[in-house]
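# here's a sequence, model it:
(2 chains)
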Amino acid sequence: QKEVEQNSGPLSVPEGAIASLNCTYSDRGSQSFFWYRQYSGKSPELIMSIYSNGDKEDGRFTAQLNKASQYVSLLIRDSQPSDSATYLCAVEGNTPLVFGKGTRLSVIA
Amino acid sequence: GAGVSQSPSNKVTEKGKDVELRCDPISGHTALYWYRQSLGQGLEFLIYFQGNSAPDKSGLPSDRFSAERTGGSVSTLTIQRTQQEDSAVYLCASSLWPGRSYEQYFGPGTRLTVT
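Below is the predicted model:
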């Protein structure tokens, strides 16, 4: 069974700080990795895709992938209260995406 | 452009009744997925359709659940003889296939309450 693990949180960071969200996955053959943001009562929204080892930056968001260690992370710079949400990690699997249960982020003003 | 749409947005039904939930994917997306999310829980995969291939039904929790996709576009998820444990948000997503086939875009969901 292909698995994606995330710390459920909550992860609390002060406004302006860097939030670091981590995800590990079990299938060494996975090639595609995604981060979704889900506000309370809303549906998941795709915010980052990463396919190669290393860093990918988009605005305040940076996704980091290390296939050898089977982890993917999301950094949010200059965190804002509006970033408070649950962040879901998704990995190419056999469904074809396997989702983690998400990490709840709370940015404190 | 238009995103994934779902209807109804909310559905309250009595235990034992049948319900139909509808999903209209993004135009041009050939893959369509159904998920379920219970309160405070993660996403539970139900079924997915890709083009004209047979659907992957491996996530359907019981034979009370079925789904169809007509004309390669609109999909309907049907739950027969609803039970209270079926109460959840049902989410539909679509993706472009081939190409960025794993980038799934979600609709707003249908909140189902079984009383």
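
# ok, and the closest non-adjacent residue to the residue of chain A found nearest chain B?
For chain A, the residue closest to chain B is A:Lys101, as judged by CB to the nearest CB, at 3.7 Å. C-beta coordinates here come from the backbone N, C-alpha and C atoms, glycine included. Distances taken as CB to CB, 6 or more residues apart in numbering or on different chains put B:Gly42 closest to A:Lys101, at 3.7 Å, once the chain neighbours are dropped.

# gap between that neighbour and A:Gln6?
With distances taken as CB to CB, to the nearest Å, B:Gly42 is found 9 Å from A:Gln6.

# and for these two, which residues touch both?
Shared contacts of B:Gly42 and A:Gln6, defined by CB atoms under 8 Å, 6 or more residues apart in numbering or on different chains, comprise A:88, A:100-102.

# in JSON lines: those residues, plus pLDDT.
Supplementary listing: the shared contacts of B:Gly42 and A:Gln6 in JSON lines, determined by pLDDT from 0 to 100:
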{"residue": "A:Leu88", "pLDDT": "97"}
{"residue": "A:Gly100", "pLDDT": "94"}
{"residue": "A:Lys101", "pLDDT": "94"}
{"residue": "A:Gly102", "pLDDT": "96"}
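
# farthest-apart pair in these, please.
For the shared contacts of B:Gly42 and A:Gln6, the farthest-apart pair by CB to CB is A:Leu88 and A:Lys101; their separation is 7.9 Å.

# so which of these two has more stuff around it?
When neighbours are counted by other CB atoms under 10 Å in any protein chain shown, A:Leu88 comes out ahead of the other of A:Leu88 and A:Lys101, with 26 against 17.

# walk me through which strands the helix or strand that one falls within pairs with, and which way each runs.
For A:Leu88, the enclosing helix or strand under DSSP states H and E is strand A:85-92. On the basis of DSSP bridges, the sheet neighbours of strand A:85-92 come out as strand A:33-38 (antiparallel), strand A:97-99 (antiparallel), strand A:103-108 (antiparallel).
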